[in-house]
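> from the sequence below, what's the structure:
(chains A and B)
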Protein chains: 2
Amino acid sequence: MQDRSGLALQVANGHLRLLDQSQLPHAETWLAVADVDTLIEAIHALRVRGAPMIAIASALLVASRVEQGDDRRAIFQAIARLRAARPTAVNLMHAMDGLAADLDTADWQRSVVQAAETLTDTDRALCDAIGDYGAALVGYGERLLTHCNTGALATAGIGTAAGVIRRAHEQGKAIEVWVDETRPLLQGGRLTAWEFGKLGVPYTLIADNMAAAMMAAGRVDRVIVGADRIAANGDFANKIGTYGLAVLAKYHNIPFAVAAPHTTLDPACASGDDIPIEQRSAAEVRGVNNAAGELCWAPADARVANPAFDVTPASLITHWILDTGVFGIDDVAAGVLKSGGRAFP
Amino acid sequence: MQDRSGLALQVANGHLRLLDQSQLPHAETWLAVADVDTLIEAIHALRVRGAPMIAIASALLVASRVEQGDDRRAIFQAIARLRAARPTAVNLMHAMDGLAADLDTADWQRSVVQAAETLTDTDRALCDAIGDYGAALVGYGERLLTHCNTGALATAGIGTAAGVIRRAHEQGKAIEVWVDETRPLLQGGRLTAWEFGKLGVPYTLIADNMAAAMMAAGRVDRVIVGADRIAANGDFANKIGTYGLAVLAKYHNIPFAVAAPHTTLDPACASGDDIPIEQRSAAEVRGVNNAAGELCWAPADARVANPAFDVTPASLITHWILDTGVFGIDDVAAGVLKSGGRAFP
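Model (predicted):
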């Protein structure tokens, strides 16, 4: 593999390193990822996260294992184990299925390495295209609201929803951004705030439950979020809290956009009902555990529900911002998502 | 003053002590409150909280100062300073205005002490009445959702919204409760979870942004919340996040009730637009600071918005549960809230 580097990803001399996002913004710690166990633990602990990024990191690790001389059977097993590491996000499954298919080619080692490199480089281009298409939607002076982290930490490029926001900022549109903290794992408060701070994008951090009041006060012009999986009918799964924002945006007549690469589309998934939702540990809701420290503020025996994702129905979505263009409900009804966003038939 | 005790309030030998709610559920620490400065700090730091409770604690402190021999001028100043300690909640203002009027009576010392005692004892009865009226609304097996803390910690009695829930539980209605954590100060996760745990009320703790997904899944039958001030037209101010829950409940056709004593009514306030909203410190949103510990997980320079309350319009409310009965939008339109809930004309 050639050397590569991004905000949260490095390949040097064939070795993969990931920025440990669980340590941000307190510490920028890089994690050497040389085996499947390390990466699966990193995915579960959200050291690496974001639907595109976990697919890319997994593919690059597989390529690295190929270069280290693992045999075809070991690579097959690595692919199968990584494929199951995050059930909701579909990019990972797509990427692993692609690599598995490459195992059947004559020169499988070279095919797998090339596929991983192509996936990484393509993701950058997809992010740029999403950013360009999405930023064209954003008007001068708009106050945008986003959820979770969908920036350079979540992709190999500038990001999806956060990439749109960044691009609009770079175009001089004088935007401002509401960043909600995204409990329980605080990807907004820890990661998006950190990224926007580095980029100089003007943002204001709020607790998740403040978004409605900001909308009622007329202080939100547009909501833009990312996706972990988009079904054929336009429904999509994303970080818990996304669905509530979509309902609130609808009620306040605020446009609500989802931004994602076509690799997040799942034409085999008819609707959001078919997307499995990962349940996570009670400890995450009873308190926090991140680089700032670990606290449990609720009763230690508190019963907890902790779905990591929710599903937003197509009826609440104004714009699907893909790398192939911006689509509305009529395009979705006509089947654009089934054909990979039209330009990828 | 006679001795009195409640879950978070004690009067013994004329001295006031309050349970320091900022330390719950980790430690049950009692705070001696002998002067105005201590109580104002306790209100600002939410050591004592809940619209009825801060009014009662303030009145009892004033009574205690009277018994300690403070002169009329000092008592007048104490009342004026306490009145301004929490701008959104109206109970405190009503209580302080009542005491200030008592200063004009001949036997003002006795009047003030009696008024403080009556306020405390009456609040218990008001809570019982709210609980009885509200519990009658709740059907067998309902899954209720509540926000913030409105229980025995927030009043001198069983509470308001949480009192309704407790009463329905005691009536054997086999209810279950979604307790949202209520960022940033976590009154749900720290206080309501603790109270319900002690009472044996079956509850499940969720992050604020999970309520919408639970509603969409058909797992919420009713929302019941408290209030800091109810305007004449039925709009009310309550802990930030209440308004969003009301919009979500409306969207999912889930009944949404506000429960409060008539002391929370503000007939002089025409609508929610006239209720001032307290803004709190950025540090509360950048992290947490409670008995479990202090953490800042966001960038230390993150710009933050932190409104402590929001306003829910009457149009989103199904039931106003007062100590005088349960009212609907027609009753409110007919002016029931202007006359203190009908039974208090």
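> average pLDDT across stretch A:260-279?
For stretch A:260-279, mean pLDDT rounds to 94.
> in it, what counts as buried?
Applying a neighbour-count criterion of 16 or more other Cβ atoms under 10 Å in any protein chain shown, the buried positions in stretch A:260-279 are A:260-266, A:269, A:272, A:274-275, A:277-278. (C-beta placed from N, C-alpha, C; glycine too.)
> could you do stretch A:300-317 as well?
A:302-314, A:316-317.
> cool, stretch A:86-100 as well?
A:86-96, A:98-100.
> tell me which of those fall in helices.
The members of these that map onto helices under DSSP state H are A:91-96, A:98-100.
> pipe those residues into TSV and attach distance to chain B and pLDDT per row.
As requested, these are arranged in TSV below (distance: Cβ to the nearest Cβ, whole Å; pLDDT from 0 to 100):
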residue	distance to chain B	pLDDT
A:Asn91	22	93
A:Leu92	22	95
A:Met93	23	95
A:His94	25	94
A:Ala95	27	96
A:Met96	28	97
A:Gly98	31	96
A:Leu99	33	97
A:Ala100	33	96
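> looking at the residues you listed, which two lie furthest apart in space?
For those, the maximum inter-member distance is 14.9 Å, found between A:Asn91 and A:Ala100 (Cβ to Cβ).
> would you state the strands of the stretch 1-150 of chain A in chain order?
A:4-5, A:9-12, A:15-19, A:30-33, A:143-146 (DSSP state E, counting those that start in this stretch).
> give me whichever of the ones you listed is most buried.
Mean neighbour count, computed with mean count of other Cβ atoms under 10 Å in any protein chain shown, is highest for strand A:143-146 among the strands of the stretch 1-150 of chain A, reaching a mean of 24.
> ok, it: who's next to it in the sheet?
Partners of strand A:143-146 in the sheet, by DSSP bridges, are strand A:176-180 (parallel), strand A:222-225 (parallel).
> domains in chain A, by residue range?
Listed domain ranges for chain A are A:4-127, A:133-339 (source: automatic domain parsing).
> what residues are up against whichever residue of the stretch 1-150 of chain A sits closest to chain B?
Nearest residue of the stretch 1-150 of chain A to chain B, counting by Cβ to the nearest Cβ: A:Pro25, 5.2 Å away. Contact criterion Cβ atoms under 8 Å, 6 or more residues apart in numbering or on different chains gives A:190-191, A:193-194, A:197, A:291, B:297-299 as the residues in contact with A:Pro25.
> just the ones of those residues in helices?
A:193-194, A:197.
> export those residues to CSV and tack on distance to chain B and pLDDT?
Putting those into CSV (distance: Cβ to the nearest Cβ, whole Å; pLDDT from 0 to 100) gives the following:
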residue, distance to chain B, pLDDT
A:Ala193, 5, 98
A:Trp194, 6, 97
A:Gly197, 5, 97
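> how about JSON lines for these, with neighbour count and distance to B:Ala283 added?
As requested, the ones in helices among the contacts of A:Pro25 are arranged in JSON lines below (neighbours: other Cβ atoms under 10 Å in any protein chain shown; distance: Cβ to Cβ, whole Å):
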{"residue": "A:Ala193", "neighbour count": "29", "distance to B:Ala283": "14"}
{"residue": "A:Trp194", "neighbour count": "21", "distance to B:Ala283": "17"}
{"residue": "A:Gly197", "neighbour count": "19", "distance to B:Ala283": "17"}
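> which one among the residues you listed gets closest to A:Ala217?
For A:Ala217, the nearest member of those is A:Ala193. The distance, counting by Cβ to Cβ, is 21.3 Å.
> looking at it, the closest one is touching B:Pro299, isn't it?
Yes - applying Cβ atoms under 8 Å, one finds A:Ala193 in contact with B:Pro299, separated by 5.2 Å.
> circling back to that earlier point, among the domains of chain A, which is the most enclosed?
Of the domains of chain A, the one with the most neighbours on average (mean count of other Cβ under 10 Å) is domain A:133-339, at a mean of 22.
> and that domain, how far apart are its ends?
The distance separating the two terminal residues of domain A:133-339, taken as Cα to Cα, to the nearest Å, comes to 19 Å.
> cool, stretch A:229-240 as well?
Where stretch A:229-240 begins and where it ends lie 13 Å apart, using Cα to Cα.
> swap in stretch A:317-324?
17 Å.
> how about stretch A:61-75?
Separation of the first and last residues of stretch A:61-75 by Cα to Cα is 10 Å.
> how about stretch A:286-296?
Distances were taken as Cα to Cα; on that basis the terminal residues of stretch A:286-296 are 6 Å apart.
> what do you get for stretch A:178-187?
First residue to last in stretch A:178-187 (Cα to Cα) measures 14 Å.
> still on that earlier bit, closest to A:Leu137 among the buried residues of stretch A:86-100?
The shortest gap between A:Leu137 and any of the buried residues of stretch A:86-100 belongs to A:Asn91, at 23.1 Å (Cβ to Cβ).
> pretty sure that closest one contacts A:Ala57?
No - with contact defined as Cβ under 8 Å, A:Asn91 does not reach A:Ala57; the gap is 10.9 Å.
> which residues in the stretch 1-150 of chain A form helices?
A:36-44, A:51-67, A:72-83, A:91-102, A:108-135 (DSSP state H, counting those that start in this stretch).
> contacting residues for the closest residue in space to A:Val285 that isn't next to it in sequence?
Among residues not flanking A:Val285 along the chain, A:Val304 sits closest, at 4.5 Å (Cβ to Cβ, 6 or more residues apart in numbering or on different chains). When the contact criterion is Cβ under 8 Å, 6+ apart, the partners of A:Val304 are A:282, A:285-286, A:298, B:204-206.
> among those residues, which ones are in helices?
Among the contacts of A:Val304, the members falling in helices (DSSP H) are A:285-286.
> can you pull the pLDDT of the residue nearest to A:Arg49 when sequence neighbours are not counted?
With Cβ to Cβ, 6+ apart as the criterion, A:Arg49 has its nearest non-adjacent residue at 5.9 Å, and that residue is A:Gln21. In this prediction, A:Gln21 carries a pLDDT score of 95.
> for A:Gln21, what are its contacts?
A:Gln21 makes contact with A:8, A:46-49, A:153, A:191, according to Cβ under 8 Å, 6+ apart.
> kindly report the same for A:Leu322.
A:130, A:133, A:259-262, A:265, A:341.
> what bridges to it?
A:Gly325.
> any idea of the pLDDT on A:Pro25?
Note for A:Pro25: predicted pLDDT of 93.
> need the contact list for the residue nearest to it when sequence neighbours are not counted.
Taking Cβ to Cβ, 6+ apart as the measure, A:Pro25 lies nearest to A:Trp194, with 3.9 Å between them; neighbours along the chain are not counted. With contacts defined as Cβ under 8 Å, 6+ apart, A:Trp194 is in contact with A:24-25, B:299.
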